[in-house]
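> Output the structure for:
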Amino acid sequence: MTAIIVRHKSPFLQLRNKKSDVNEEAKQNLADKVNSGELLPVGYVDVANQKIHAGGGIWLLKRDYDFVKFRKSKRPEMFIKNIAVKIFSEETLKQCSVTGESSYAYKNSVKRPSLDMKKLNAVREISEYWMRFRKMSEHDIVQHSANVGRYIGQKIACLNRGPRKNLKRKNKQINNQAKKKSKEEISSEDETSPDDEKIMEHDRTLEHFSGDAKKIIQEDNKEPEKDDTDEFDDEIFNTIN
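Residues are numbered from 1 along each chain as shown. This next block holds a predicted model:
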């Protein structure tokens, strides 16, 4: 009868092999982060490739960032919506949703895939970078950063509505603004300022003096009235002679 000898690896060898595997994985992850630029600060500019780091290893063309930064956006929500288009593209936004859930606002809405969380975080980080560039308060930065998902959801709804519905909505806003402006102008016309009252009083004074001047001129142009007593005296004088 032969005996079978089973040799087990010592716990020390198993731990050492596992540690080496973990080290290799950590080294690879670190190398990937370095290559992608994930460890670089948000806003770092790659001058050679003309790109700006949006965060999390997501890069954006510097000209696209500058276009949104200087031309398109004045308010934080507008910047977030426009920079999301540059990071995701319009087609991706149309086909996806922020959370991946179907919309409760529309009946029979189709469930769409969620947006890439890494890019979503990049939108948030580059938006915070822009808001700090604008010297906004930390309270406002935190508030707008918490609403990034809602702002992008509004942008997705706007893109899916189409240009005709957006145009009707914009025209309605313009008409409401025009009505509001006309009401303000009418109310401002009703209220007379002290300067306006002085001008009106000056005009009334000029009218008064001009009326008096007209009367004086008319009196000067009148022919002198004949005196009846003078004519009677002349007749008596002629008869006597």
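
> all contacts plus neighbour counts: C-alpha atoms, from now on.
Fine.

> Where do the helices of the chain begin and end?
11-36, 62-67, 76-88, 90-95, 117-133, 138-146, 148-161, 163-190, 194-221, 228-240 (DSSP state H).

> quick one: average pLDDT of the third one?
The one in question is helix 76-88. Averaging pLDDT along helix 76-88 yields 95.

> what residues are up against Gly39?
Quick fix: residue 39 is Leu, not Gly. Lys33, Gly56, Gly57 (C-alpha atoms under 8 Å, 6 or more residues apart in numbering).

> so how far is Lys33 from it?
As judged by C-alpha to C-alpha, to the nearest Å, Leu39 and Lys33 stand 6 Å apart.

> Which neighbours do the two have in common?
Gly57.

> Throw the contacts of Leu39 into JSON lines and include neighbour count and pLDDT, thanks.
Listed next are these as JSON lines, based on neighbours: other C-alpha atoms under 10 Å; pLDDT from 0 to 100:
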{"residue": "Lys33", "neighbour count": "15", "pLDDT": "70"}
{"residue": "Gly56", "neighbour count": "21", "pLDDT": "92"}
{"residue": "Gly57", "neighbour count": "21", "pLDDT": "92"}
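
> just those residues now: which is nearest Val45?
Gly57 (12.4 Å; C-alpha to C-alpha).

> which residues of the chain score low on pLDDT?
1-22, 30, 72, 102-109, 164-172, 185-241 (pLDDT under 70).

> quick one, what contacts the residue lying closest to Asp46 once chain neighbours are set aside?
Nearest residue to Asp46, sequence neighbours excluded (C-alpha to C-alpha, 6 or more residues apart in numbering): Ile52, at 6.1 Å. By C-alpha under 8 Å, 6+ apart, the contact list for Ile52 reads Val42, Gly43, Tyr44, Val45, Asp46, Trp59, Leu60, Leu61, Lys62, Tyr65.

> What about those, which are in strands?
If you go by DSSP state E, the contacts of Ile52 have Val45, Asp46, Trp59, Leu60, Leu61 in strands.

> what about burial for those residues, which qualify?
Val45, Trp59, Leu60, Leu61 (16 or more other C-alpha atoms under 10 Å).

> Tell me the spacing between the last one and His144.
It stands for Leu61. 24 Å.

> and if you look at the second one?
According to C-alpha to C-alpha, Trp59 and His144 sit 22 Å apart.

> Then Arg132?
12 Å.

> and if you look at Lys27?
From Lys27 to His144 the distance is 36 Å (C-alpha to C-alpha).

> Comparing the two, which shows the higher neighbour count?
His144 (20 against 12; other C-alpha atoms under 10 Å).

> how much space between that one and Met78?
Distance from His144 to Met78, by C-alpha to C-alpha: 11 Å.

> Now render the contacts of Ile52 as a markdown table, adding distance to Ile83.
Listed next are the contacts of Ile52 as a markdown table, based on distance: C-alpha to C-alpha, whole Å:
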| residue | distance to Ile83 |
| --- | --- |
| Val42 | 14 |
| Gly43 | 14 |
| Tyr44 | 16 |
| Val45 | 16 |
| Asp46 | 18 |
| Trp59 | 12 |
| Leu60 | 9 |
| Leu61 | 11 |
| Lys62 | 12 |
| Tyr65 | 7 |
